[in-house]
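Student: I would like to see how this sequence folds:
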Amino acid sequence: MDVKTLFTLDKKVAIVTGANGLIGRRHVEALSEAGATVIACDIQATSAIGSIDQNVHYFRLDVTDKANLEMVRDEILKNWGRIDILVNNAAVNDMFENPELAATQSMFENYPLEMWDRSWKVNVTGVFLCSQVFGSVMAEQGGGSVINVASTYGMVGPDQSIYINPAGEQVFYKSVAYPATKGAVINFTRFLASYWGKKGSESIPCLPEVWRMVRITGL
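Tutor: Down below sits the predicted model:
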């Protein structure tokens with residue numbers, strides 16, 4: 001079924017951060033299929049995203065750099081005149097370069113402070129800054145949608161047994177930073193819903209692992 005038979009995003013301008021990632025690409029494709037003009041943003045080379053259609057436009061974006069965000073915002077408004085949708089998808093999910101050391105390094109007792117700080121800077125401060133810079137435009141317009149990609153791990157503790165291989169070895173531990181930051185994203189979404197709800201804006205936490213979206217319109 002053509003998604004546009006269900007609804008249309010024609011004439012809407014949608015921003016997707018972390019557009020080069022696996023989930024980010026799906027967000028870009030879905031929004032484009034629905035008719036939106038999609039601004040696909042990623043800190044990596046945008047050529048890796050690939051060409052989807054003429055309605056998708058690529059920008060290099062660092063979600064932790066407010067000046068960079070403001071520059072992209074101004075360019076979007078200059079070219080398309082509005083912002084209707086923001087998908088806060090960019091995030092850090094820990095990767096350990098040496099698989100043999102991953103289990104030891106990912107243990108809570110050994111987890112590096114620099115990895116903790118990096119996760120909070122991207123996963124939480126990045127969502128805050130993007131919402132502030134792009135969401136403020138929607139609030140001034142009197143409508144729009146902010147979609148924050150969270151996780152089931154933002155609501156429950158990780159089941160570490162998932163990461164045990166057939167030989168019974170703990171390959172790695174789901175680290176403390178990911179559930180902590182995703183939990184913060186969920187409550188940040190509640191804040192935005194209560195703060196901007198009266199302005200006609202929606203704030204939605206998206207839990208991709210279970211393909212579920214919960215609409216919050218003013219707690």
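Student: would you list every one of the helices in this structure?
Tutor: Using DSSP state H, the helices of the chain run over residues 22-33, 66-80, 99-106, 113-120, 126-130, 136-141, 177-196.
Student: Determine which of those helices approaches Lys12 most closely.
Tutor: Lys12 lies closest to helix 22-33 among the helices of the chain, at 8.3 Å (Cβ to Cβ). Heads up, the C-betas are built off the backbone N, CA and C, glycines and all.
Student: Just to check, Leu69 is in contact with Val133?
Tutor: Yes. Using Cβ atoms under 8 Å, Leu69 makes contact with Val133 at a distance of 4.3 Å.
Student: Quick check: which ranges of the protein have low pLDDT?
Tutor: For the chain, the stretches with pLDDT under 70 are 1-4, 45-53, 97, 199-219.
Student: Just want the most central residue of it.
Tutor: Computing the C-alpha centroid of the chain and ranking residues by Cα atoms, centre = their mean puts Asn89 first, at 1.4 Å.
Student: Skipping its backbone neighbours, what lies nearest that one in space?
Tutor: Excluding its sequence neighbours, the residue lying closest to Asn89 (Cβ to Cβ, 6 or more residues apart in numbering) is Gly18, at 4.2 Å.
Student: Check the gap between that neighbour and Asp65 for me.
Tutor: Separation of Gly18 from Asp65 (Cβ to Cβ, to the nearest Å) stands at 14 Å.
Student: between those two, who's got more neighbours?
Tutor: When Gly18 and Asp65 are compared for neighbours, Gly18 comes out ahead with 26 against 14, by other Cβ atoms under 10 Å.
Student: Report the separation between that one and Leu129.
Tutor: When Cβ to Cβ is applied, the distance between Gly18 and Leu129 equals 14 Å.
Student: Mind listing the shared neighbours of the two?
Tutor: Shared contacts of Gly18 and Leu129, defined by Cβ atoms under 8 Å, 6 or more residues apart in numbering, are found at Val63.
Student: my guess is Thr189 meets Val149, correct?
Tutor: No. Counting by Cβ under 8 Å, Thr189 does not reach Val149; the two are 10.2 Å apart.
Student: quick one: the residue nearest to Asn89 and Val92 touch, right?
Tutor: No. Contact between Gly18 and Val92 fails when scored by Cβ under 8 Å: they sit 9.8 Å apart.
Student: any idea how far the residue of the chain positioned farthest from its centre lies from Pro99?
Tutor: Among the C-alpha atoms of the chain, the one most distant from their mean position (Cα atoms, centre = their mean) is that of Ala167, at 34.8 Å. Computed as Cβ to Cβ, the Ala167 to Pro99 distance reads 14 Å.
Student: Name the nearest residue to Phe128, sequence neighbours excluded.
Tutor: Counting by Cβ to Cβ, 6+ apart, Phe128 lies nearest to Phe188, which is 6.8 Å off, once chain neighbours are set aside.
Student: Who are the contact partners of the one you found?
Tutor: If you count contacts by Cβ under 8 Å, 6+ apart, then Phe188 has 124, 127-128, 131, 148 around it.
Student: If you rank the residues you listed by neighbours, which is first?
Tutor: Highest neighbour count within the contacts of Phe188: Val127, with 27 neighbours (other Cβ under 10 Å).
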